[in-house]
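K.L.:
Sequence and computational prediction follow.
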Amino acid sequence: MAKVFFSYSHDDEALRDQLEKHLSSLKHEGLIESWHDRRLIAGEMVDAAIDLQIDEADVVLLLVSASFLSSHYCYSVEMKRAMERHFQGKCRLVAVILRACDWSQSPIGKLLAVPQDGKPITSWTNLDEAYTDVVRQVRSLLKEISSKAAKPAPSVELRTESYAFPLSGAVQSAFETNRSSNLRLRKTFTDFEIDQFAHDGFEYMQRFFENSLQELQQRNPGVQGALRRLSDTRFSATIYMNGRIASECSIALGDGFSRTGITYSGQISSSGFNEMLSVSTDDQSIFFKTLMGHVRSGHDQKLSHEGAAELYWGRLLEPLQR
């Protein structure tokens, strides 16, 4: 039975829970047992317990998001130790991309990420399909590990890699190499990729609003939230306080000056809009940019799907937070 370690940010705990549920089929078959820091027992030395679990793991799942990348412990402690063991051939490392973030230029970018093509789980229209894809690839990995374990271990030559954080001792010397760090090439994006980014962003925003309204309602007595899908490219969100409308908006794709623009209107019945996000690119990335230059968003800010959703959610909440 393989031991699976989850390295994740607590901001992504709900996504980790869902992934663990989908991995239950592998547990029932006796293929894996999983561990994460919520399994710590009162009185345990946290750092020592986590180090021990990483050192005993056969598979380490890095649950990647902006929160993961910004966490010193996840990035510089857990991921560093796991990568050392991975390139020593002592465990297998899998990057599971949870939410859109700039992970490709980090050490994680050297790994084949899941789900398919490294598309973030939250960007899939059907989240169950995304989790299922991860499980299938983990299952394939377990079969590979099992088949190699049944054969005599060949001598292994460590690959030469370069990392954004320092490795220690003999491991560091094994990875040293002389080369330029200036290896970035200009990227170009097709019309299809731009259209797909806009449509994925709109679908992400719709799920984001639906989940946020549910959570807002659960946390605040007297508050009710409603999301209504008005068409394939338009939805409305309404917040009620004690049964009365406190704030509402409608969000639409392609309902403005741009076919890939996502507009925000503070009134459901209005044909105009107060803000619009357009798809833009630079030599490395594709992102949303505000057309109106809303003060809180920052006119030059490059927004991911999550950043765009947070921007519009903030607009909806403004009347309730003054």
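P.N.:
Noted; the coordinates are in hand. Quick caveat: nothing in here was measured; it's all calculated off a predicted structure. Numbers count the residues shown, from 1 in each chain.

K.L.:
ok, the spatially closest residue to residue 118 that is not a sequence neighbour - contacts?
P.N.:
Sequence neighbours aside, residue 97 is the residue nearest to residue 118 in space, at 5.3 Å (criterion: CB to CB, 6 or more residues apart in numbering). Bear in mind the C-beta positions are built from the backbone N, C-alpha and C, glycine included. Contact analysis of residue 97 by CB atoms under 8 Å, 6 or more residues apart in numbering lists 64-65, 103, 113-115, 118-121.

K.L.:
what about residue 200, which helix or strand?
P.N.:
Assigned by DSSP states H and E, residue 200 belongs to helix 191-219.

K.L.:
In terms of secondary structure, what does the helix or strand following that helix contact?
P.N.:
Counting by DSSP H and E, the next helix or strand C-terminal to helix 191-219 is strand 223-231. Helices and strands touching strand 223-231, by 3 or more CB pairs under 8 Å, 6 or more residues apart in numbering; DSSP states H and E, are helix 191-219, strand 234-241.

K.L.:
Among the contacts of residue 97, which one has the most neighbours?
P.N.:
Neighbour count (other CB atoms under 10 Å) singles out residue 64 as the most crowded of the contacts of residue 97, with 29 neighbours.

K.L.:
Show me what that one is bridged to.
P.N.:
Counting by DSSP bridges, residue 64 forms beta bridges with residue 97.

K.L.:
wait, doesn't it sit right on residue 100?
P.N.:
No - if you go by CB atoms under 8 Å, residue 64 and residue 100 don't touch, sitting 10.0 Å apart.

K.L.:
beta partners for residue 3?
P.N.:
Following DSSP bridges, residue 3 is listed with bridge partners residue 33.

K.L.:
Can you get me a residue count around it?
P.N.:
Neighbours around residue 3, by other CB under 10 Å: 16.

K.L.:
ditto for the one 10 residues further on
P.N.:
Other residues near residue 13 number 13, with proximity taken as other CB under 10 Å.

K.L.:
Mind listing what's buried along stretch 56-70?
P.N.:
Buried residues in stretch 56-70, counted by 16 or more other CB atoms under 10 Å: 57-69.

K.L.:
Specify the local secondary structure of the residue nearest to the spatial centre of the chain.
P.N.:
By CA atoms, centre = their mean, the mean C-alpha position of the chain lies nearest to residue 99, the distance being 1.7 Å. Put simply, residue 99 is coil when judged by DSSP: H, G, I helix; E, B strand; the rest coil.

K.L.:
Before I go, just wanted to say thanks for your time.
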